[in-house]
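In: sequence and predicted structure, then a few things I'm wondering about:
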Amino acid sequence: MREIYEAPLLELVYRAATVHRSHHDASEVQTCTLLSVKTGGCPEDCDYCPQSVHHPAAVPPEPLMDVDAVLSAARAAREEGSTRFCMGAAWRQIKDGPEFDRVLDMVRGVRALGLEVCCTLGMLTADQARRLAEAGLTAYNHNLDTSESFYGRVIRTRVYEDRLRTIRHVVDAGISVCCGGILGMGESVDDRIDLLCRLANLDPQPESVPINALVHVEGTPLADAPTVDPMDFVRTIAAARILMPRAMVRLSAGRLSLSPEAQALAMLAGANSMFTGEKLLTTPNPGRCADEALLARLGLKPRAPHRDRQGAG
Ligand code: SAM
Ligand code: DTB
Ligand code: SF4
């Protein structure tokens, strides 16, 4: 693994591009839309996150959105070319009851629009995973974020094993796993290698791997962390592509800190998906026009809608 990660960058990119082309249509990029259906007020203490109540400048808490408002946003996303709709909630775990029932309605509704539907709602029980599967959920996002040893430096309100348990529940329910991490939190090369190994050794491998560059948010403990070197970002994408050839590798948070050229190199190295729209969950993202222009400059096309490979991310 270390030989892969530490190979000369252009050798690594070349190898990753070769793997990419043998498993995917390299002329296509999937565009996905995120919506924060329950913003702020999260009891977890993740040092990177603006939604944690532990941080002074946390975003103000809002109630869970109505189903209709979510479905209008999903329709708009579909009209703008997105083929995957991802709903995020600032919860440590979801409680059974009316709120979970409402989320199940959202999942059914988005699925009925012909979109892939992904949720990220914090920890799940086996039974909740099963009910989400029944509602038609395509994928569940639950990130390992970093190595097991660095994890406790960034989050103290839960442990790595909690994450692994939820991922097991998701797998057992037959839902596709979306699992990745964040670069730029002060982790070492060894931590990045460890994260990639953990992801690649999940059984089955995740079908979707979001690689986030930390978005620096004023008032969070990681606001002043040094920005990740774009070449290291590309290196991580390339290694992820080589280790997880079939996965969708997603350029996720942090694209505003990457130049178009760095994003192009990341796509050559096997990234084949990105989040579009002016907002991620709570932080800014390049707007759709900028992304359309980027894809056009690169001669890439957004993946066509309705080529739904349920479970293939
Ligand atoms: N609360 C749920 C959880 O943590 O699993 C779901 C929502 S949470 C916002 C989803 C993911 O967003 C986190 O696992 C983390 O990887 C990513 N994230 C949060 N804040 C971020 C930031 N400032 N920069 C980059 N990624 C971030
Ligand atoms: C993931 O790994 N990246 C996405 C998604 N999963 C939910 C977005 C993260 C955005 C976090 C910063 C924000 O609040 O906007
Ligand atoms: Fe809560 Fe998720 Fe943010 Fe952590 S990353 S504080 S769990 S919303």
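Out: Arrived safely. All values derive from a computational prediction rather than experimental measurement. Numbering: from 1, shown residues only. Ligands and ions are numbered 1, 2, ... in the order given.
In: mind checking the SS state of the residue positioned nearest the centre of the chain?
Out: Nearest residue to the geometric centre of the chain (CA atoms, centre = their mean): residue 210, 3.7 Å. Three-state assignment for residue 210 (DSSP: H, G, I helix; E, B strand; the rest coil): strand.
In: who's in contact with it?
Out: 141, 143, 178, 179, 180, 181, 250, 252 (CB atoms under 8 Å, 6 or more residues apart in numbering). (Glycine included, C-beta is placed from N, CA and C.)
In: can you do 7 Å?
Out: 141, 143, 178, 180, 250, 252 (CB atoms under 7 Å, 6 or more residues apart in numbering).
In: in strands, which of those residues appear?
Out: 141, 178, 250 (DSSP state E).
In: can I get those residues in CSV with pLDDT, neighbour count and distance to ligand 3?
Out: Formatted as CSV, the ones in strands among the contacts of residue 210 follow (pLDDT from 0 to 100; neighbours: other CB atoms under 10 Å; distance: CB to the nearest ligand atom, whole Å):
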residue, pLDDT, neighbour count, distance to ligand 3
141, 98, 22, 10
178, 98, 28, 14
250, 97, 27, 16
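In: may I see those residues organised as a markdown table, with distance to residue 270 added?
Out: Below are these laid out as a markdown table (distance: CB to CB, whole Å):
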| residue | distance to residue 270 |
| --- | --- |
| 141 | 19 |
| 178 | 16 |
| 250 | 11 |
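In: and which of those residues is nearest to residue 204?
Out: residue 178 (12.6 Å; CB to CB).
In: the closest one pairs with what?
Out: According to DSSP bridges, the partner residues bridging residue 178 are residue 141, residue 208.
In: again, but for residue 302
Out: In beta-bridge terms (that is, DSSP bridges), residue 302 pairs with residue 29.
In: circling back: can I get the ones in strands among the contacts of residue 210 in a markdown table with distance to ligand 2?
Out: Below are the ones in strands among the contacts of residue 210 laid out as a markdown table (distance: CB to the nearest ligand atom, whole Å):
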| residue | distance to ligand 2 |
| --- | --- |
| 141 | 5 |
| 178 | 7 |
| 250 | 7 |
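In: tell me the one of those nearest ligand 1?
Out: residue 141 (6.5 Å; CB to the nearest ligand atom).
In: that closest one and residue 34, how far apart?
Out: As judged by CB to CB, to the nearest Å, residue 141 and residue 34 stand 10 Å apart.
In: burial check on residue 17, number of neighbours?
Out: Using other CB atoms under 10 Å, residue 17 has 19 neighbouring residues.
In: and the gap between it and residue 268?
Out: Taking CB to CB, one finds residue 17 at 5 Å from residue 268.
In: what residues does this protein put near ligand 1?
Out: Contact residues, the chain versus ligand 1 (CB under 6 Å from any ligand atom): 42, 48-49, 88, 90-91, 120, 122, 142-143, 145, 182, 212, 214-215, 217, 253-254, 281.
In: take the residues you listed and keep only those in strands.
Out: Reading strands off those with DSSP E, I get 88, 120, 182, 212.
In: surely the third one and residue 214 touch.
Out: When you say that, I think you mean residue 182. Yes - at 5.5 Å, residue 182 counts as touching residue 214 under the criterion of CB atoms under 7 Å.
In: before we move on, back to that, and the residues of the chain next to ligand 1, which are buried?
Out: 42, 48-49, 88, 90-91, 120, 122, 142-143, 145, 182, 212, 214-215, 217, 253-254, 281 (16 or more other CB atoms under 10 Å).
In: those residues: which ones sit near ligand 2?
Out: 88, 120, 143, 212, 215, 253, 281.
In: quick check, the second one in contact with residue 137.
Out: No - under the contact definition of CB under 7 Å, residue 120 does not touch residue 137, with a separation of 11.0 Å.
In: show me the shaky parts of the protein.
Out: Applying pLDDT under 70 to the chain flags the ranges 305-313.
In: give me every residue in it lying close to ligand 3.
Out: 42, 44, 46, 49, 51, 52, 90, 92, 122.
In: can you give me the neighbour number for the second one?
Out: Read it as residue 44. 19.
In: element containing it, please.
Out: Assigned by DSSP states H and E, residue 44 belongs to no helix or strand.
In: any idea how far it is from ligand 2?
Out: 13 Å (CB to the nearest ligand atom, to the nearest Å).
In: residue boundaries of the strands in the stretch 51-200 of the chain?
Out: Applying DSSP state E, counting those that start in this stretch to the stretch 51-200 of the chain gives strands spanning 84-89, 116-120, 139-141, 176-178, 181-183.
In: can I get those strands in a markdown table with distance to residue 190?
Out: Below are those laid out as a markdown table (distance: least, CB to CB, whole Å):
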| stretch | distance to residue 190 |
| --- | --- |
| strand 84-89 | 29 |
| strand 116-120 | 27 |
| strand 139-141 | 25 |
| strand 176-178 | 24 |
| strand 181-183 | 13 |
